[in-house]
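Engineer: Here is my input, please return the structure:
(chains A and B)
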2 protein chains.
Amino acid sequence: MKKISIGEKFGLFHEEWTPKIIAETNGQLVKLAKGSGELVWHKHENEDELFIVFKGQLTIQMHEGDVTLGPNEMFVVPKGVEHCPLAEPGTHFMMIEPGSTAHTGDLKTDVTVSAEDQEWI
Amino acid sequence: MKKISIGEKFGLFHEEWTPKIIAETNGQLVKLAKGSGELVWHKHENEDELFIVFKGQLTIQMHEGDVTLGPNEMFVVPKGVEHCPLAEPGTHFMMIEPGSTAHTGDLKTDVTVSAEDQEWI
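Structural biologist: Residues are numbered from 1 along each chain as shown, chains lettered A, B, ... in the order given. Sure, this is the predicted structure:
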């Protein structure tokens, strides 16, 4: 029964595109991530993916058009929609998605951290 | 496919303890609320409830001990845990919970807005 300081949690890691789990609610995991540059194009067949930006700027590139988020802005990538995150250096963001979601979706790449290997902080 | 500005959404309403829905993701609703003073003691038998504070101070009173949240702090009230939110004047916060969740849980009071009547903004 402890509160979670989002700023403090962001201070606990430096890796980019490596989501860290900070909470679980109703089967959804709340994750924090840092990023700069592009991740990879991917989709999540059965899961929506919520992004909230805390610092910097995150562009969710999609074939339907890009969405660019600054601090305190959010977006839900609907299930099945192919997307590729693109972040300014030093971007901090939160993701909320089911426990089963791998961050590169149906694509396995060098940067992929499998859902089972995602770390709690 | 539009981004959501959390600050802009908070500017769209003034009512207290009247959650407004701003997004849906995997069957969970993302809601914004303002509050001051106490709501009521209640619990959600089957649903966890995530709180993130954006402005002010929100105390989640629980029989197990209170948790006080400032900006950028969050807490998940586990299902079945009786709680009573207590907010400083001008507190703004986000809640994430299943679509079926009424904000006063199993208790119906004068301030209760039923899940079906909660408004999208």
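Engineer: What residues does chain A have near chain B?
Structural biologist: For chain A, the contact set with chain B under C-beta under 8 Å from any C-beta of the partner chain comprises A:1-7, A:23-26, A:28, A:30, A:47-50, A:52, A:54, A:62, A:64-65, A:67-69, A:72-76, A:96-98. Where C-beta positions appear, they are placed from N, C-alpha and C, glycine not excepted.
Engineer: And the residues you listed, which of them are buried?
Structural biologist: A:3-4, A:6, A:23, A:25-26, A:28, A:30, A:47-50, A:52, A:54, A:62, A:67, A:69, A:72-76, A:96-98 (16 or more other C-beta atoms under 10 Å in any protein chain shown).
Engineer: Which of the residues of chain A next to chain B fall in helices?
Structural biologist: A:6, A:7 (DSSP state H).
Engineer: Return the set of buried residues in the longest strand along chain A.
Structural biologist: Using DSSP state E, we find that the single longest strand of chain A is strand A:83-98. Across strand A:83-98, burial judged by 16+ other C-beta under 10 Å covers A:83-87, A:91-98.
Engineer: Ok, stretch A:111-121 next?
Structural biologist: Buried residues in stretch A:111-121 (16+ other C-beta under 10 Å): A:112, A:113, A:115, A:118.
Engineer: least confident pick among these?
Structural biologist: When these are compared by pLDDT, residue A:115 scores lowest at 70.
Engineer: Look up how far chain B lies from that residue.
Structural biologist: To chain B, residue A:115 is 15 Å away according to C-beta to the nearest C-beta, to the nearest Å.
Engineer: so what's the residue nearest the centre of chain A up against?
Structural biologist: What sits nearest the mean C-alpha location of chain A, by C-alpha atoms, centre = their mean, is residue A:95, with 4.2 Å. Listed by C-beta atoms under 8 Å, 6 or more residues apart in numbering or on different chains, the contact partners of residue A:95 are A:19, A:30, A:31, A:32, A:33, A:49, A:50, A:51, A:52, A:103.
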